[in-house]
Structure formats: C-alpha cells, structure tokens
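Participant: pasting a predicted model and its sequence here:
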Amino acid sequence: MSSRKPWVNVLAFALVTVTGVIVFKALHDRLKVQPKDVNATKKELKERKLDEIVPVSGEEFQGSVRILYASTTGTARQFATTLFKHMGKKCPVRIEVSDLQSYNEELLQKEDIVIFICSTWEGGVPPKSAERFFDWLQEQAYDFRVSKDYLANVKFAVFGLGGAIYGKNFAKFGKDIDECMERLGANRLEQYTRGDDQTSLEQIFYKWNSRIVKHVQDAYGAIANEYPSSEKAKKVNKKDTGKQGTSGDAGACCGGSSKKEGDDNAGGGCCSSNKKPDDKTGAATNRFEDADDDDELDEEDQLNNAFVTADEGLVDMEEMGNAMHAAQKEKLAQLRDSAPREMVTKLQYKALTKEGYKIIGSHSAVKICRWTKHQLRGRGGCYKHSFYGITSYQCMEATPSLACANKCVFCWRHHKNPVGTEWRWKEDGPEFIVEEAIRLHVNMIHQLKGVPGVQPERFLAAHTVKHCALSLVGEPIMYPRINEMVKALHDRGISSFLVTNAQFPDRIQQLDPVTQLYVSVDAASKESLKAVDRPLFKDFWERFLSCLKAIQEKQQRTVFRLTLVKSYNMDEVDGYAQLIEEGTPDFIEIKAVTYCGKSDASNLTMENVPWHEEVCNFGEAICRRLAERQRLPGAVTYNMATEHAHSCCILIAREDKFKVDGEWWTWIDYDAFNRLIQDYYASGKTKTFRSEDYRAKTPDWAVYQSKERGFDPIEKRWYRKSSQATSAAVSVIGAGEPDADVDDDGRN
C-alpha cells in the first residue's frame with residue numbers, strides 16, 4: 001500500500017492541475033471580452049447578467065458604442081440596459097452605458113457610435129438629469145464659432161420616449177438632441193424614432209433596437225475594412241432585403257428606405273454591402289445568430305408599431321410605407337378604429353404588478369391597503385375609521401381606471417400608470433370588475449393566515465368586504481360605466497368612497513349617489529395647481545372650478561381633499577377659503593403629503609412633508625379665514641371636527657349639518673345608507689336622500705384635540721425604536737410626526 005502511495009499522489013496532483021488550467025483558461029477567455037458599463041452599480045450589473053453577453057471566443061473589440069440615457073421614471077434606463085444586452089450578444093464592440101447626468105461631454109467628439117435613449121419632462125424640456133448636457137450641446141450646435149463638422153466622425157441614433165397626448169411636446173427632448181447632433185455634423189445610423197408610452201412603446205423600441213444592432217454590425221464590418229465582392233453583395237442584398245429590393249440593390253435594407261451606395265447620411269450606414277462575408281459560402285452572416293430577423297410583419301404587429309405624430313397623422317415606426325400597399329394601410333386604419341387597445345402596456349403591467357397591484361381585466365386593479373393589515377393585527381385603523389367609522393380590515397382599495405388626467409408631483413405610484421384625457425381603451429363589464437376585485441382582495445386576505453399578530457375573529461370577518469375605496473390609482477370616474485359598477489358594490493352591501501381629481505365636471509354631474517364623494521383640491525390658484533398636479537388638459541383650471549360647482553349640487557356626503565406639500569401649496573389660505581365658499585362641501589380633509597421615496601418622476605424630499613402640528617395649524621387657519629370673510633351661504637359654518645395624528649390628517653366639518661347638540665356626528669350609519677340607496681334604485685332613481693339621513697355620532701376618542709388624537713383605544717399602537725419594534729397600549733398619542741406606518745392610499 002505504501003509503495004503505491006507516491007504514484008497515486010502524483011496522478012491526483014496532475015489531474016487537479018490540468019483541471020485548474022482548463023477552468024482558468026475558460027474563465028479568462030469568457031471575462032476578457034465582456035462589454036463594460038463603467039457607470040453601472042453592482043445591482044444593475046447583476047440584473048443585466050453580463051455573463052450571458054459574450055462574443056465569439058477570441059474576437060477582439062473592433063470599435064466602441066456609447067449608450068446614453070436620460071430617464072424620468074426609469075423606462076429609458078431599462079431600455080438602455082436592454083439594448084446593451086442585445087448588442088453585447090451580437091456585436092464584438094466595446095459598449096459603455098452612461099447616464100447623461102454623469103457623462104463627460106468632452107468625450108462626445110471621440111466616440112465612434114453614440115446611441116441616445118431619452119425621455120421628455122413636462123413642457124417638452126429635458127429631464128433634470130440631462131439639463132447640463134443639453135445646455136452644453138445646444139451651445140455647441142448654435143455657436144457660430146464651433147465647426148459644423150465638429151462631430152463628423154461620430155455616428156448616432158436617438159430614441160425618444162413620451163406621450164402623444166402632449167401634442168407638439170411629444171418626445172421633444174429626443175428630437176432636440178437629434179437636431180443638435182445633425183447641426184454638428186454627426187452621421188445618423190437611424191432616423192429619429194419616438195414611442196408613445198400609452199400605446200405600443202415596447203414594440204416600437206424592440207424593433208428599433210434590432211435595427212440599431214444591425215447598423216452597429218454594419219459599422220463593425222466597415223471598421224474591419226472587409227467588404228464582400230459584387231457577386232457576394234448581390235446575394236447579401238437578396239437574402240437580407242427579401243421582397244424590398246432587387247439583387248444588387250444596395251438601398252433597400254432600412255425598412256424600404258432608398259440609399260445610394262456609399263451615402264452614409266441617407267440611410268444611416270445600413271447598406272448590406274458592408275456586411276462581412278462568410279469565408280465558405282460567400283454569404284454575409286452575423287457573427288452571432290440573430291433571432292430578431294422578421295422581415296415580414298403580420299397585421300397585428302404593424303398595427304402595434306403605428307403611433308400618432310405631432311401633426312396627428314399615423315406613421316409607421318418601421319418605415320414600412322414602401323412595403324405596404326394603400327389597401328393594406330386602409331385596412332390597418334379600419335382595424336385601429338374598430339379594435340380599441342388595452343389600457344395597460346406590458347411595461348406598465350410589469351411595473352404595477354411588481355409593486356403589489358392585482359390587475360383586473362384590461363384597465364382595473366386592486367391592492368391590499370397597509371391599514372387593512374394593521375387593523376387585522378390590532379395595531380389601529382386608517383383615518384377613515386377615525387373620521388367615518390369604517391372597519392379598515394373589511395375595506396377594499398380598488399379602481400376601475402388605472403389611467404389619470406394628472407401627473408401629480410406627490411403621486412406615490414411614481415407615474416407607472418397610464419395617462420389620458422378621454423376613454424379610448426377596451427372596456428370591461430362592471431360586474432366582472434367587482435367580482436374579480438372581491439375575489440383577488442379576499443385571496444390577498446387569505447394569504448395573511450398565520451402572520452404573527454393577526455386576530456382570528458378579524459381574519460374571518462375580513463373575508464367579507466364592507467367598504468370600497470375607489471382611490472387606488474388613476475381616475476375612477478373616467479370609467480364609462482362607473483354608475484353600474486357603484487351599483488354592483490351597493491347591491492352587495494359595500495359602501496363606496498370615490499375620489500376624483502376634479503378634471504371631469506360632466507362625469508360628476510352624471511354620477512349616481514355614492515356613500516362619500518371626494519374631490520382633490522391640491523392648490524388654490526391656477527399657477528400652483530399646474531405646478532402640483534401637472535394636468536394634461538389645457539383648460540384644467542376651468543374644469544377644476546366646474547367640478548367644485550358640480551359638487552355643490554350633490555345631496556350626499558361630499559369632501560374636499562387637500563394634500564399639503566411644503567414649498568408648493570401651503571401659503572394660499574385665502575385662496576383655499578374662496579374655493580370652499582364656491583363648493584361648500586360637507587367635509588374638508590387636510591393631510592400631509594406622504595413621502596414615498598426617491599423617484600426620477602418627482603423631486604420631493606422629506607423636507608416637503610409637513611408635521612402633524614403644521615397640518616393642524618393650517619386647518620385652524622382655514623376655519624378662521626372662512627369666519628373672517630363671512631361669505632359662506634346661509635348658516636354654513638366650518639370647524640375642526642376630528643383628527644388622525646398617525647396619518648398627519650385632520651377633518652374640518654360643517655357645523656350646520658354634523659354638529660348635533662354640541663357633539664360631532666361625522667361617522668356614517670352604513671345600514672341606513674344601504675336602505676336609502678336601495679330605495680333610490682327601486683324608485684327608478686327618483687327617491688333621493690341627504691347626507692344628514694345617514695350620519696352617526698363620532699366617538700370621543702376621534703374628536704379633534706382628544707387625548708387619543710384619533711387613535712382607537714381598543715387598538716395597540718406599534719412603535720419602532722432602533723429598528724426593533726415594540727407594542728404598547730395607547731393612552732396618549734404624540735405629536736403625530738411622519739413615521740413608517742403611513743396610509744397606503746396615496747391621496748390620503
């Protein structure tokens with residue numbers, strides 16, 4: 001045994017050594033030529049799976065590509081990553097991805113190929129992250145002292161993201177970049193392309209992405225100074241252009257656009273004669289298999305790739321006009337008119353579901369509220385529990401329309417939902433929406449079984465929905481069949497709290513009674529409303545005022561909802577008082593804005609979030625100013641009624657309606673409302689009722705300035721100290737500073 005030991009050891013050592021050398025060589029070859037992203041974080045690098053982006057072993061970089069992005073909501077950054085991955089798999093070039101915010105503009109003149117992927121901010125201006133770069137680029141482009149050939153050695157392409165609903169400002173920043181690059185003598189790889197984020201943005205981008213990759217492959221061939229012979233070029237053209245050109249036609253490789261051979265500017269350098277031939281067959285081939293070669297598109301793809309231009313004409317992003325006959329175009333137009341598209345795009349669906357939304361059909365959603373979970377565990381209910389007596393663990397938060405006509409600076413969804421000024425999408429039935437919302441909500445409740453602290457009796461009761469807050473996201477009143485949906489809720493004994501952003505006065509007038517109707521009053525002047533809500537309508541202020549007047553005609557409970565944002569709308573007390581006099585709502589809810597973290601779509605910080613005492617002071621100032629002005633009709637008077645310090649929220653109520661014998665009656669008798677609304681439906685909508693008919697007494701603990709500050713004493717408040725949570729019975733609530741347990745309803 002001892003005589004064989006040295007031999008065994010030598011053999012084992014040799015095997016280990018050979019194995020190690022093989023593994024090292026494989027890893028070295030693999031890592032040696034990976035595309036680089038010098039600006040990517042570790043998290044981004046992990047997401048991009050760079051180990052999958054490997055050119056053919058032994059291939060050296062023949063050129064470089066810089067991908068520059070300017071993002072507002074993260075979509076442009078995501079697209080840049082997608083192009084990086086795709087190009088890295090197919091092109092043996094060095095690729096670097098940079099945010100325009102950190103890019104050194106002095107490098108621009110030294111780049112080989114630059115690809116811009118840019119979103120546009122409100123008003124057609126660049127995102128804040130791109131302002132510095134764009135200022136420099138414009139200065140270079142329009143300075144007579146700068147040579148018009150300054151970027152003559154640079155090839156470029158631009159993809160603009162935006163919304164066609166913005167008209168002449170649709171993806172304007174991308175177009176401005178394109179024009180500046182042209183003025184400086186840069187050569188286009190591809191004509192400027194833009195995508196509408198409300199239609200087929202993803203499809204348009206992926207087609208553009210494939211074309212860009214092919215252009216880069218062409219540029220690589222030119223850099224290598226290897227051109228196919230004329231006979232090979234004929235085969236290349238015939239293979240790659242299909243029916244678009246004849247053999248020997250070198251100008252049909254850009255989706256049908258004509259280009260003279262050698263004219264880089266006419267077709268962006270996409271002539272197939274620049275492809276590198278296969279040594280054996282003589283046919284031009286990519287060095288990596290191209291799975292995106294789809295010369296012929298079916299009608300659905302063609303329809304998806306169409307978008308609205310600033311001139312309101314329909315053009316094809318693939319420049320397929322020469323390939324399609326007039327009859328085909330007419331047929332596509334008919335398809336467009338007869339088949340409304342779905343509201344939510346693939347990117348929006350992915351973003352919303354990632355954040356916990358359960359999408360219903362093509363335009364609705366439901367999501368479980370944080371306060372539902374809190375009260376299930378006995379940790380307190382939401383402000384609606386304190387103000388109006390709802391049971392938070394039996395409340396469902398939903399919307400029949402994910403689309404909105406505003407892009408508010410404080411939107412906690414970070415503008416991942418669609419926008420629009422009219423309903424132009426597919427339409428799901430109200431019964432389907434309600435049934436699916438309840439089913440999905442109950443499923444989310446059921447998943448909380450076994451969660452520490454969940455009380456068994458509340459868990460069972462939570463499977464029966466009693467209240468519905470139609471305020472999840474978007475503009476619920478846009479849904480054309482909103483009255484039928486509300487009736488479907490009422491027929492199931494579910495109360496309705498509907499929120500509107502005050503841009504659809506006709507829809508408010510047509511609305512049947514709901515348990516409580518809200519109008520968001522986010523500013524008191526035209527200028528500040530535009531700054532805070534960033535509305536899509538040009539006549540937004542007139543619409544806003546008309547909505548307030550429409551509210552005054554309602555006989556059921558109405559609410560003005562004010563979201564306070566420091567440095568935006570807290571210095572307009574007199575203006576708010578005037579608006580209240582116009583609409584005379586039953587209640588005025590005033591709440592501090594909820595900070596939902598950093599977002600490319602908003603520049604709000606914790607500095608913009610008022611403290612609870614500041615919210616209280618603002619409410620008291622409103623009441624004083626209303627009394628001083630003495631312009632309220634009749635016996636209408638307002639005063640501070642209730643508060644929920646935990647949510648930094650207070651309620652002002654009309655004393656002439658909801659103060660009985662010196663006591664507040666802001667709560668709701670839900671059984672009484674159910675009877676009244678069913679009588680209304682049974683009478684053919686002729687038997688109306690008033691908000692006083694279903695009011696109920698407010699408990700002492702919910703009244704303004706009570707020692708509980710609106711926190712139900714039967715609950716236990718959950719405190720967080722040094723990242724360790726502890727619970728304690730609540731007797732006195734503190735000042736109500738913003739904390740981690742905020743209301744999940746972003747407009748609360």
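Facilitator: Received the coordinates, thanks.
Participant: quick one: low-confidence parts of the stretch 1-150 of the chain?
Facilitator: The stretch 1-150 of the chain contains residues with pLDDT under 70 at 1-8, 10, 23-61.
Participant: that one: helices as residue ranges?
Facilitator: 5-32, 42-48, 75-90, 131-141 (DSSP state H, counting those that start in this stretch).
Participant: for E190, helix, strand, or coil?
Facilitator: Using DSSP: H, G, I helix; E, B strand; the rest coil, the structure places E190 in coil.
Participant: how many other residues sit next to it?
Facilitator: A count of nearby residues for E190, using other Cβ atoms under 10 Å, gives 24. C-beta here means a position set from N, CA and C on the backbone, and glycine is covered the same way.
Participant: do K148 as well
Facilitator: Quick note: K148 (other Cβ under 10 Å) scores 12 neighbours.
Participant: for I165, same thing?
Facilitator: Per other Cβ under 10 Å, the neighbour tally for I165 reads 18.
Participant: stretch 361-378 - what's its average pLDDT?
Facilitator: Average pLDDT, stretch 361-378: 93.
Participant: likewise for stretch 446-455?
Facilitator: Stretch 446-455 carries an average pLDDT of 93.
Participant: quick one: buried residues of it?
Facilitator: L448, V454 (16 or more other Cβ atoms under 10 Å).
Participant: gap between the two ends of that stretch?
Facilitator: Start-to-end span of stretch 446-455 (Cα to Cα, to the nearest Å) is 13 Å.
Participant: and for it, what's in contact with it?
Facilitator: K373, L376, R377, G378, R379, F459, H463 (Cβ atoms under 8 Å, 6 or more residues apart in numbering).
Participant: ranking these by neighbours, who comes first?
Facilitator: Going by other Cβ under 10 Å, L376 tops those with 22 neighbours.
Participant: surely that one touches Y393?
Facilitator: Yes: the pair L376 / Y393 is scored as a contact, 4.7 Å apart, by Cβ atoms under 8 Å.
Participant: what is in contact with those two at once?
Facilitator: Residues touching both L376 and Y393 by Cβ under 8 Å, 6+ apart: R458, A462.
Participant: quick one: low-confidence parts of the stretch 501-650 of the chain?
Facilitator: Filtered on pLDDT under 70, the stretch 501-650 of the chain yields the residue ranges 596-603.
Participant: ok, back up a step: could I get the contacts of stretch 446-455 as CSV with distance to L564 and secondary structure?
Facilitator: Formatted as CSV, those follow (distance: Cβ to Cβ, whole Å; DSSP: H, G, I helix; E, B strand; the rest coil):
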residue, distance to L564, secondary structure
K373, 26, helix
L376, 29, helix
R377, 29, coil
G378, 30, coil
R379, 25, coil
F459, 35, helix
H463, 36, coil
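Participant: just give me the closest of those residues to D656.
Facilitator: The nearest member of the contacts of stretch 446-455 to D656, counting by Cβ to Cβ, is R379 at 36.2 Å.
Participant: against D512, how distant is that closest one?
Facilitator: R379 is 36 Å from D512, where distance means Cβ to Cβ, to the nearest Å.
Participant: now do L470 against K526, distance only.
Facilitator: In terms of Cβ to Cβ, L470 sits 27 Å off from K526.
Participant: ok, the two, which is more surrounded?
Facilitator: Taking neighbours as other Cβ under 10 Å, L470 and K526 compare with L470 leading, 27 against 13.
Participant: quick one: contacts for the more buried one?
Facilitator: A398, T399, P400, P476, S496, F497, L498, V499.
Participant: distance of it from S495?
Facilitator: Separation of L470 from S495 (Cβ to Cβ): 11 Å.
Participant: wait, A171 touches T120, no?
Facilitator: Yes: using Cβ under 8 Å, A171 makes contact with T120 at a distance of 5.4 Å.
Participant: identify the contacts common to the two.
Facilitator: Counting by Cβ under 8 Å, 6+ apart, the common neighbours of A171 and T120 are G160, L161, G162.
Participant: the second one: how many residues sit nearby?
Facilitator: Just to be clear, that refers to L161. L161: 27 neighbours (other Cβ under 10 Å).
Participant: tell me the SS of it?
Facilitator: The local conformation at L161, judged by three-state DSSP, is strand.
Participant: my guess is it contacts W121. True?
Facilitator: No: counting by Cβ under 8 Å, L161 sits too far from W121 to count as a contact (11.0 Å).
Participant: against which helices or strands is the strand or helix carrying T563 packed?
Facilitator: Element membership for T563, per DSSP states H and E: strand 557-564. Judged by 3 or more Cβ pairs under 8 Å, 6 or more residues apart in numbering; DSSP states H and E, strand 557-564 is in contact with strand 516-520, helix 540-552, helix 573-583, strand 587-592, helix 612-629.
Participant: switch the cut-off to 7 Å
Facilitator: When contacts are defined as 3 or more Cβ pairs under 7 Å, 6 or more residues apart in numbering; DSSP states H and E, strand 557-564 packs onto strand 516-520, helix 573-583, strand 587-592.
Participant: and Y576, how far is that from A621?
Facilitator: Y576 sits at a distance of 9 Å from A621 (criterion: Cβ to Cβ).
Participant: so between those two, which is more surrounded?
Facilitator: Y576 (24 against 15).
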